[in-house]
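Participant: need a structure here:
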Amino acid sequence: MTPDYLRLDQQPLLAQYLLFPLRDLTPPPAGAFDLLVSVEPGSDVQVAVRFYLGQPDWPALLYFHGNGEVAADYDYFCKAYHACQINLVVADYRGYGMSSGQPTFNNLAQDAHVVYRAVQDELLQRNCSPVIGVMGRSLGSLPALELAAHYQGELKWLIIESGFASVTRLISRWGFPLDVSGLSLLEKQCLAMIETITLPSLIIHGEEDSLVFPEEGRLVYDTLGSRQKFWLPIPDADHNDVMMVDSQLYFQGIEDFVTRIT
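Facilitator: Numbers count the residues shown, from 1 in each chain. Down below sits the predicted model:
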């Protein structure tokens, strides 16, 4: 089940308000590489994916970043994932980083499927472990939840950080000047999809998040159908510093979770 994100794309002001594509041509650091994935048949639209591979026997984490970010922002943070013995793979969106095209909410969801298959193939060609988990931060929770709902027999885990269950809920709480009454069905669809997810899950959220309120992350946690799910609040952390306020707690939580699952 995929929520009807086209309903969001029919509100042009919403995309202008919520999607901030940022071009970035920063070359990958030593040991990393980029893969351009064709995501739309019959067009030249490509989405860039950056691979930070440590050891071939480590599990891989397919990571969907937040808004106003690009894959190259993780050139530094990849070291922390390698310390957890995780191969990090960060996907951009249309219009972000080196990717072409324009982002829409529906494309965020649909492109994730193509990117996931391309990442699987690339890891296979490089003789890397086929064990893959998915993680979404903030805006990235949308494609991460999409994949978690559709590939439960393949993916090993789900991590959501600073995430939300429904864009509709967020814009309502922000007081965005838009009639969201017609989007109530979309919210129900999002929650229904999350209920179907039974993957082992870790939900991380800053306790002082003033953008995506902690209750939104808690709603994801409460709605998940997973029998193994864990809630990791980060004290004193806001939306954009959640990895830095207590990096030990943040990454130890991820390492412990992945080690437990794999």
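
Participant: quick one: the helix or strand hosting residue 123 to chain centroid distance?
Facilitator: Counting by DSSP states H and E, the element that carries residue 123 is helix 105-125. Its chain's C-alpha centre and that of helix 105-125 lie 12 Å apart, by Cα atoms, centre = their mean, to the nearest Å.

Participant: Stretch 240-260 now?
Facilitator: The answer for stretch 240-260 is 16 Å, by Cα atoms, centre = their mean.

Participant: What residues sit buried inside that stretch?
Facilitator: Counting neighbours by 16 or more other Cβ atoms under 10 Å, one finds that the buried residues in stretch 240-260 are 240, 242, 243, 245, 246, 250, 251, 253, 254, 255, 257, 258. Using the backbone N, CA and C atoms, a C-beta is placed for each residue, glycine as well.

Participant: residues making contact with that stretch?
Facilitator: Judged by Cβ atoms under 8 Å, 6 or more residues apart in numbering, the contacts made with stretch 240-260 from elsewhere in the structure are 59, 61, 66, 77, 80-81, 83-86, 133, 157, 159, 161-162, 200, 202, 204-206, 209, 211, 230, 232, 234-238.

Participant: list the contacts for residue 102?
Facilitator: For residue 102, counting by Cβ under 8 Å, 6+ apart, the contacting residues are 21, 94, 95.

Participant: contacting residues around the helix holding residue 123?
Facilitator: 2-3, 5-6, 8-9, 15, 19, 35, 37-39, 47, 49, 51, 60, 62, 64, 87, 89, 91, 93-94, 101, 129-130, 132, 134, 139, 142-144, 146-147, 150-151, 167.

Participant: can you tell me the average pLDDT over it?
Facilitator: Over the span of helix 105-125, the pLDDT mean works out to 97.

Participant: Now the element after that helix, going C-ward?
Facilitator: Sequence-wise, the next helix or strand downstream of helix 105-125 (DSSP H and E) is strand 132-137.

Participant: got the angle between that following strand and helix 105-125?
Facilitator: Counting by axes from the mean of the first three to the mean of the last three Cα atoms, to 10 degrees, strand 132-137 lies at 150 degrees to helix 105-125.

Participant: And the next helix or strand after strand 132-137, what does it pack against?
Facilitator: Beyond strand 132-137 in the direction of the C-terminus, DSSP H and E gives the next helix or strand as helix 141-150. In terms of contacts (3 or more Cβ pairs under 8 Å, 6 or more residues apart in numbering; DSSP states H and E), helix 141-150 is packed against strand 60-64, helix 105-125, strand 132-137, strand 158-161, helix 184-195.

Participant: how about 7 Å then?
Facilitator: helix 105-125, strand 132-137, strand 158-161, helix 184-195 (3 or more Cβ pairs under 7 Å, 6 or more residues apart in numbering; DSSP states H and E).

Participant: so which of the ones you listed gets nearest residue 216?
Facilitator: strand 158-161 (10.0 Å; Cβ to Cβ).

Participant: so residue 56, which of the three states?
Facilitator: Going by DSSP: H, G, I helix; E, B strand; the rest coil, the secondary structure assigned to residue 56 is coil.

Participant: on that earlier part again, buried only: go through the contacts of helix 105-125 for me.
Facilitator: Burial by neighbour count, 16+ other Cβ under 10 Å: within the contacts of helix 105-125 this picks out 3, 5, 8, 15, 19, 35, 37, 39, 47, 49, 51, 60, 62, 64, 87, 89, 91, 93-94, 101, 132, 134, 139, 142-144, 146-147, 150-151, 167.

Participant: isn't residue 38 right next to residue 46, touching?
Facilitator: Yes - if you go by Cβ atoms under 7 Å, residue 38 and residue 46 touch, sitting 5.5 Å apart.
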